[in-house]
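A.B. asks: How does the following fold in three dimensions:
(2 chains, ligands or ions: 2)
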Amino acid sequence: MSSRKKTLLKVIILGDSGVGKTSLMQQFVNNKFSHQYKATIGADFLTKEITVDNNKQVTLQIWDTAGQERFQSLGVAFYRGADCCVLCYDVTNEKSLNNLASWKDEFLIQSNVLNPQDFPFIIIGNKIDADDSKKIPSLQKKLNNVTNNQLGGLSYPVFETSAKESINVESAFEVIAKMALQQEELNEANGNDVNDDYNDAINIHLETDNSGCAC
Amino acid sequence: MATINIDEVDGPVQFHLQTVVREESLEEGETLTDVAVYQSNLYVGTSLGNVLHYFRFDDSPVYILISRISVSSNQKPVNKILVLELVERALILCGSVASVYTLPELSPCKLGKLKDIRTIESLSYKEGLQNSSNASQKAFVVGYNKVRIIQIGRDLIKLVKDVNYNDAIDGLSCSAKSATAYSNLVVVSNKSNYDLIDLKETRMISLFKYKSTDDSSIAPHCASFTSESGREEFLLTIHADSSTSIAMFVNSDGDVTRGTLSWVDLGYPQSIATQWPYVFTVMDNSELVVSSLQSIEHKAQKKLEGLRLIQLARSVECKDNISSSFLTTVDVSTGETTHCELSTHSKVLAVTSNELLIIHKTDQLSLLATQFQDLMKQAELNFSDLESLSERVREHSKAVSGSSELFCIHLLSLICIILKDHEKSIEILLKTKDDTLLIDPQFMTYTYKAKSDEGYKIYQTLKEVIDGMDLNSLDEQIFKDYLLQTHRYYLALDLAKLTESAKKKCCFIREMIYTVVFTRSDEAIKFAKGADTTGWTQFKKANSKIMEFVRQGTNYWARIEFLKLLGNQEQDVLVKQEYAVEICKYSMMVLKGEIVDPAFKEEDRGALLDTFLELLQTSFYDEKLYAKNLLQFLDIDMNKGVSFLRSQKGGKFKATHKHILEEISSKYDDKKDEIYQLKAEFAEASLRDDIADISNLEDLSTLSETLVEIVSMLSSRSSDAEIMNFQILQQTYQIENNLETLDWPKLTWLDYLSANMRRSECPEYIELYLKAAELLIVEFHWLQNHEEKEKVLTLLSAEQYEYLRWIISGTEMITRLLSVGDFSNAEFYAKYGRLPLQSHPYYFEDFKERATENSNDSNSIKAGLTSILDHYLKFVLDKNGNYSIIQMFLQRYGEPYFDAYDIIRRLPELFPVSYLQEYLQQELLRRVVISRHVTSTKALARFEVKSTSALIQSLDNGG
Ligand SMILES: Nc1nc2c(ncn2[C@@H]2O[C@H](COP(=O)(O)OP(=O)(O)OP(=O)(O)O)[C@@H](O)[C@H]2O)c(=O)[nH]1
Ligand SMILES: [Mg+2]
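C.D. replies: Numbering: from 1, shown residues only, chains lettered A, B, ... in the order given. Ligands and ions are numbered 1, 2, ... in the order given. The predicted structure follows:
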């Protein structure tokens, strides 16, 4: 495979509406933050070049998806070919934490990845700048609960960030990039090109009737 | 007509909806449904099963309905017209039934019908397939529960493959990849989903749902486009909720290629079409939305009721009304307009119930021109905007050709002129293509409100701007330099290769230069004689206009010089003279100060006078006109006039010159000498001509008058020094030429003068004297013409002219000649009764012999010679002169005029006989041999007495 393909890493950010997915991406890529909430419709992506493992140049293609439910059916199109999935919740919103598992499941179903157990996920709890009073009470306990019971007990990296104050955003994406690169290399080694046409295609029934046409 | 404006970073973009056809002949309730293009044919389906066939003829700007074909027996709507150009067939889907028709006339092919069909699409094929294909083309048909590939030949349809696909609604072929002739991939949709089907492998990849409800009114829309990377992409619309919808972008791998495009609060698209880099959608609420495929943003929207978009497989081409309108030209004199046609094309159409519109990107030309108009409407000129506009116009002009380029160049030049950008203006104005200037010089003259010829057509829009401009706001120098540089351009071209129109333009430029650039005579003259020298001869048509202009003004000097240039090249002598008359007239007025040319300076007078004289010499044929002008000239500058006259001595118009001299000699007293001399010179010149013409001296007609002139002139010389010198010469002659010296023949007085003239102090005087003498001799002695005698005598009354007076009177010539010592002439006169000319005469060299033609009768000769002999003898005796004088005289005249007896009788007693020896010997010999006359004998007897013995001895021997 060409080196260009090697270094393009596709990252998907999932999570409930309003948790700050768009904000995280904007902070990471453009160092911008807006207080105004504008729900993402559909999906959009930004790219950023970073260096991983001190020497490896990669291009991160970060897909920011809509958290709103009405757009969830589109998932499949965006998920295909992802190298890493970021599951996002809002540290002030307990429901968003509880929904992480369903985002993960949705992703695995739609994206049709080959080895779901090994696929790299990362968890980000955003808005840690918020007043402690607003934060989910006994967050750590609840988070452990979610990872152990709902996310299959797998130890996904967890980051607590603030898109607003730019806390941990950079380091979270560094880890994301590393994980994505590993996944990409793994796929490579297995001879599975995510860009191969129709690795998720289904055979459809064929009707042969070559005897002229008078339908 | 509607326009949609979009602001892009690299300038505004405008889309324009323009009617292609409006159909008035539809039945009630009948609406337009689908459209297809084939060459110049346009097929429009209707909701009642008709296909309207339009055609655009090459020379027509519009599509004309040529036929109306019913393709449905039960008035089912025409849902799709699929053109299969490879086989020249059309597949028309009416309701759910498709049939094949021929192209272009749409007659039905009896190949059976395809039923239960949602839609039909051609299967993309590789460009160039036409050539290799054996006249068949593939299409894919979306049936209710299957997608099938069919192959259509000219005369048959074959089913190639069937793929089951439940509840199919729509489909679109991906473009063929390089490996295959036909595409194997199609994007299809069913009642809820978009899918990608690989027809070859019979595989399907599910893309995504386009709606989450069961609302059957929400239809899938799929449009394809080719992106900046050259790769095909599909835009698929998705209904999110009642107010919002989005579009996803995927490639033929099913991969998402861009972020989503969303229509928030706009509902769901009803129809869609793409034209890179834009997508057009008509929404539920009748908004036409234009979004960028690059930035995934909405760029513009406009409410347009009842519009449905149709994406064409091939572009429809039609006249671009807006751009064309900018190319409309108007005749500056008649106001008559001429229209020009620019065409446009687009694959995006819109239909209303009865109208078909093209949505095309407004030609950059229109945008630029409109922006220019807008900028010019502002109260205060915005230079920086104009400047950036000029850059864009320049860029655009490079990208286009033909009439668009021409318009842009004109627009650009006008902007540069308004910006007073000297260098750029000129650069553009002088742009050429195929050796022709792109911009007609009249464009500039119109802009600078100078002049424009009948028939010049200018762009109407530019004219309107120009008409509104204030001339004072323009830089006149640009205009002037333009004219000069254009002039230089034309004059550097090979004349033989110039077209008539180019010549005409150059003439126009010349005319303008003289009327606009060089407004002072001196500048204009310098140009005319310098850079424009060839202009006057090679681009003559302008000359008359230049003259017309200069004649109206006060640049008299220029008028004179131009007329001279015209005169120089004129072949017709009468016209040439007309010019000369005009030149002389105005020169005269300028020189006299009657009219004033501000550029004409005192130091230019000389040149003007010379011009005048040059013309007098070269351009006059009518003697009266000549005389009149010459007299006027003399009035102004006598000195130059007189030298001119002198230079004309040998030329034509002698009579006039003499006449004029006559006239002026009385008028100008202070110039008397000079005029006399001139008159004399003229008379002399005529005489010389006269002499050259005749063979008989009697035929001379000009001798008398010349004589009078020369004598007058001589007599008018009254310088004391000259007279004194002359008198000294007279005395010297008498001394040097006396009888004491024995050299013979003696110089005549006239030859003496001639010989000493150069050495003397008064050569001119002597020359005149000699000339007078020569003429007098011929007139009075040779021709015996005494007409002017009194006059001449009066003129020569002064003392020093005694000799000349003698010539005139002709009496006592011998005595008189002897008295001044002119012995030779005395002897000559005795012999011939007239004087000879000097040895080197001034006029009558060829007639010199005339002097000796007839001699006197011998008695007269003898009488004359006798008196001369007496004079000599007297000298010998009184002054103790040398006897040789007598001896020599006798040698000359002794025989036949004297006999020995006479001689001896006259000689004094003492005269030594030896001096007579030779004479007597001859005399004796003659007598002995020829006749022994008594007289001789007597004489001999007498002689014997006196002679010496030696003499006798010799006689003895002789006898
Ligand atoms: N205080 C604080 N507010 C944040 C932070 N990140 C995002 N927000 C705010 O949260 C709101 C939602 O943020 P978005 O980034 O638009 O959320 P989203 O996850 O993209 O939402 P959807 O697009 O609807 O899925 C905005 O008003 C942001 O200003 C953060 O780190 N701290
Ligand atoms: Mg968002």
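
A.B. asks: Up against chain A, what does the stretch 251-400 of chain B have?
C.D. replies: Applying C-beta under 8 Å from any C-beta of the partner chain, we find that the stretch 251-400 of chain B lies next to chain A at B:253-256, B:259-262, B:264, B:296. In short, each C-beta sits where N, CA and C put it, glycine included.

A.B. asks: which residues in chain A form helices?
C.D. replies: A:3-7, A:21-30, A:75-79, A:94-98, A:100-111, A:139-145, A:169-189 (DSSP state H).

A.B. asks: nearest to ligand 1, of the ones you listed?
C.D. replies: helix A:21-30 (3.3 Å; C-beta to the nearest ligand atom).

A.B. asks: picking that back up, out of the helices of chain A, the one nearest ligand 2 is which?
C.D. replies: helix A:21-30 (3.1 Å; C-beta to the ion).

A.B. asks: hmm, that closest one touching ligand 2?
C.D. replies: Yes - contact of helix A:21-30 with ligand 2 (C-beta under 5 Å from the ion) involves A:21-22.

A.B. asks: For that helix, give the mean pLDDT please.
C.D. replies: Taken as a whole, helix A:21-30 carries a mean pLDDT of 96.

A.B. asks: hang on, residue B:710 packs against residue B:775?
C.D. replies: Yes - the pair residue B:710 / residue B:775 is scored as a contact, 6.0 Å apart, by C-beta atoms under 8 Å.

A.B. asks: Am I right that residue B:454 sits in a strand?
C.D. replies: No - counting by DSSP: H, G, I helix; E, B strand; the rest coil, residue B:454 is located in no strand; its state is coil.

A.B. asks: Need the nearest residue in space to it, chain neighbours excluded.
C.D. replies: Sequence neighbours aside, residue B:333 is the residue nearest to residue B:454 in space, at 4.5 Å (criterion: C-beta to C-beta, 6 or more residues apart in numbering or on different chains).

A.B. asks: can you count the residues close to that neighbour?
C.D. replies: 12 (other C-beta atoms under 10 Å in any protein chain shown).

A.B. asks: so what's it up against?
C.D. replies: Counting by C-beta atoms under 8 Å, 6 or more residues apart in numbering or on different chains, residue B:333 touches B:452-456.

A.B. asks: now swap in residue B:16 and tell me
C.D. replies: Residues in contact with residue B:16 (C-beta under 8 Å, 6+ apart) are B:1-4, B:322, B:359-362.

A.B. asks: let's go with 7 Å and repeat that
C.D. replies: B:3, B:322, B:360, B:362 (C-beta atoms under 7 Å, 6 or more residues apart in numbering or on different chains).

A.B. asks: does the closest residue to the third one other than its chain neighbours sit in a helix, a strand or a coil?
C.D. replies: Take residue B:360 and drop its neighbours on the chain: the residue closest to it by C-beta to C-beta, 6+ apart is residue B:346, 4.1 Å away. What three-state DSSP gives for residue B:346 is strand.

A.B. asks: So in terms of bridging, what pairs with residue B:346?
C.D. replies: Residue B:346 forms beta bridges with residue B:316, as assigned by DSSP bridges.

A.B. asks: So which residues make contact with stretch B:21-28?
C.D. replies: For stretch B:21-28, the surrounding residues in contact (C-beta under 7 Å, 6+ apart) are B:46, B:48, B:52, B:54, B:63, B:354-356.

A.B. asks: Could you list the buried residues of that stretch?
C.D. replies: Residues of stretch B:21-28 classed as buried: B:21, B:23, B:26 (neighbour count, 16 or more other C-beta atoms under 10 Å in any protein chain shown).

A.B. asks: what's the closest of these to residue B:805?
C.D. replies: Residue B:805 has its nearest neighbour among the buried residues of stretch B:21-28 in residue B:21, at 120.6 Å by C-beta to C-beta.

A.B. asks: Provide the secondary structure category for that closest one.
C.D. replies: For residue B:21, the secondary structure call by three-state DSSP comes out as strand.

A.B. asks: looking at the helices of chain A, which is buried most?
C.D. replies: helix A:75-79 (a mean of 24; mean count of other C-beta atoms under 10 Å in any protein chain shown).

A.B. asks: picking that back up, among the contacts of residue B:333, which one lies nearest to ligand 2?
C.D. replies: Top of the list for closeness to ligand 2, among those and by C-beta to the ion, is residue B:456 at 64.0 Å.

A.B. asks: Mind pulling the model confidence for that closest one?
C.D. replies: Taking residue B:456 on its own, its pLDDT is 90.

A.B. asks: which non-adjacent residue is nearest it?
C.D. replies: Residue B:456's closest residue in space is residue B:442 (C-beta to C-beta, 6+ apart), at 4.2 Å.

A.B. asks: And the helix or strand hosting the one you found, how far out from the chain middle?
C.D. replies: If you go by DSSP states H and E, residue B:442 is part of helix B:441-447. Helix B:441-447 sits 19 Å away from the centroid of its parent chain (C-alpha atoms, centre = their mean, to the nearest Å).

A.B. asks: ok and the residue in the stretch 751-900 of chain B nearest ligand 1?
C.D. replies: Nearest residue of the stretch 751-900 of chain B to ligand 1 (C-beta to the nearest ligand atom) works out as residue B:764 at 123.1 Å.

A.B. asks: And the helix or strand hosting that residue, what does it pack against?
C.D. replies: Here residue B:764, judged by DSSP H and E, is contained in helix B:763-776. Helices and strands touching helix B:763-776, by 3 or more C-beta pairs under 7 Å, 6 or more residues apart in numbering or on different chains; DSSP states H and E, are helix B:703-716, helix B:749-756, helix B:802-809.

A.B. asks: Just list the residues touching the closest residue to residue A:123 other than its chain neighbours, thanks.
C.D. replies: Spatial nearest neighbour of residue A:123, excluding adjacent residues (C-beta to C-beta, 6+ apart): residue A:158 at 4.5 Å. By C-beta under 7 Å, 6+ apart, the residues touching residue A:158 are A:123, A:125, A:143.

A.B. asks: Can you tell me how far residue A:158 is from ligand 1?
C.D. replies: 16 Å (C-beta to the nearest ligand atom, to the nearest Å).
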